[in-house]
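**Q** Mind folding the following:
(one chain, ligands or ions: 2)
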Amino acid sequence: PTPAVTAGDIRARKGGDPVVSLTCYTTPMARLMDEHCDFVLVGDSVGMVLHGLSSTLGVTMEMMILHAQAVARGLSHALMVVDMPFGSYEQGPQQAFANAARIMAETGAGAVKLEGGRRMAETIAFLVARGIPVMGHVGLTPQSVNALGGYKVQGRSDQAGVVRADARAVADAGAFAVVLEKMPAALANRITAEIAIPTIGIGASAGCDGQVLVVDDMLGLFDVFKPKFVKRYADLAEQAREAIADYAAEVRARRFPGPEHVFAEQTEKGAK
Ligand code: KIV
Ligand code: NA
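**A** Ligands and ions are numbered 1, 2, ... in the order given. Okay, the predicted model is just below:
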C-alpha cells in the first residue's frame with residue numbers, strides 16, 4: 001500500500017508531475033478515488049451538488065464535518081482537504097483557528113482550504129504557524145458571488161494584477177498550494193511561474209501544477225448545468241435515469257422481483 005499523502009508532499013510537487021484531485025463528499029466515492037488522486041477536496045460545493053442549495057453560502061460547519069467524516073472512512077492514501085464554509089473564518093484569525101481546529105480534530109483532515117487572497121493572508125499565516133496546513137483559493141471565489149456579481153471569469157485585462165497579487169499573498173503567507181479558479185489560461189500560467197507553491201487549476205490552464213474538478217460534474221451526475229471548464233468523462237445521470245425507468249416499468253409489470261430474487265419456504269440443499 002502506498003503511504004498516505006501529506007500537505008508537504010503536495011507542496012513538494014511544484015513544477016513536477018501534475019497533482020490530481022477531485023471533490024469528494026461520500027465514503028463510496030472516496031474509495032473509488034483513493035488510488036487515483038493525490039488529494040480529495042471535501043468542497044463546500046457539496047451544498048449545491050448534494051443538498052440542492054443555490055449557492056455555497058448556506059453550507060454549515062456541521063455539513064462539512066459530516067461529509068468529511070464519511071470521506072475519511074474511504075481513504076487510506078489520498079490527502080483529505082476540507083473547505084472552511086462561508087462565515088466560519090472571515091471574522092479573523094481566532095475564529096478561523098477555532099473552526100479549522102474543529103474540522104481537523106473531528107474529521108482527520110490533513111489540511112483546510114479557505115477562499116480569498118490578500119485579505120486572508122494574516123489568517124493563513126496564523127493557522128500555518130499553529131500546525132494547520134492551508135490551501136488557498138483565488139480568482140473566482142464562489143462564497144463571494146454576491147460581491148462579484150455572478151460566477152464570472154476573473155482577472156481579465158486590467159484585473160490580472162489583482163489575481164496575481166492575491167495568489168502571491170497566499171503563497172507568501174505559507175499556504176502549501178492554491179486553487180486558481182476561472183481565469184484566463186495565460187494568467188494562470190503566469191501565476192504558476194511566479195509563485196513557489198503548486199497551483200491547482202479549475203477553469204484555469206493545463207499549465208497549472210495540478211487540476212481539480214467537481215466529481216459530480218465530471219461524471220455527468222450533476223446535469224442541471226455544465227460550466228465551460230467541465231469535461232464530462234461519463235454520463236451517469238443518463239444511466240441512472242434509464243435504470244430507474246427500467247425498474248419502475250418492471251415493478252408495474254410485476255416482472256421484478258424475479259424468481260432469483262425471492263425466497264423459498266424450505267432451504268434447498270446448498271442454497272442460501
Ligand atoms: O467546493 C469546491 O468544489 C471547490 C473546488 C471547485 C475548488 O472549492
Ligand atoms: Na469550495
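
**Q** which element follows the strand or helix carrying residue 69 toward the C-terminus?
**A** Using DSSP states H and E, residue 69 sits within helix 61-72. Downstream of helix 61-72, the first helix or strand assigned by DSSP H and E is strand 79-83.

**Q** Please identify the pairing partners of that next one and their relative orientation?
**A** Under the criterion DSSP bridges, strand 79-83 sits next to strand 39-42 (parallel), strand 111-113 (parallel) in its sheet.

**Q** The first one: how far from the chain's middle?
**A** With Cα atoms, centre = their mean, to the nearest Å as the basis, strand 39-42 stands 5 Å off its chain's centre.

**Q** Enumerate the positions of that strand that are buried.
**A** Neighbour counts over strand 39-42 (16 or more other Cβ atoms under 10 Å) mark 39, 40, 41, 42 as buried. Any C-beta I mention is one placed from the backbone N, CA and C, and that applies to glycine too.

**Q** And stretch 192-203, by the same measure?
**A** Neighbour-count burial for stretch 192-203 [16+ other Cβ under 10 Å]: 192, 195, 197, 198, 199, 200, 201, 202, 203.

**Q** Can you tell me which of these end up in helices?
**A** residue 192 (DSSP state H).

**Q** picking that back up, with distance to residue 75 and mean pLDDT as added columns, please give the strands paired with strand 79-83 in CSV.
**A** Output for these, formatted as CSV (distance: least, Cβ to Cβ, whole Å; pLDDT from 0 to 100):
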stretch, distance to residue 75, mean pLDDT
strand 39-42, 7, 98
strand 111-113, 13, 98
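
**Q** Present those strands as TSV; the columns should include distance to ligand 2.
**A** Output for those, formatted as TSV (distance: least, Cβ to the ion, whole Å):
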stretch	distance to ligand 2
strand 39-42	7
strand 111-113	7
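
**Q** As TSV, those strands with distance to residue 156 would be great.
**A** Listed next are the strands paired with strand 79-83 as TSV, based on distance: least, Cβ to Cβ, whole Å:
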stretch	distance to residue 156
strand 39-42	26
strand 111-113	24
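
**Q** Minimum distance to residue 137: which of those strands has it?
**A** Smallest distance to residue 137 across the strands paired with strand 79-83 (Cβ to Cβ): 5.8 Å, for strand 111-113.

**Q** Contacts for the closest one next, please.
**A** 7, 39, 41, 43, 79-84, 100, 103-104, 127, 132-137, 176, 179 (Cβ atoms under 8 Å, 6 or more residues apart in numbering).
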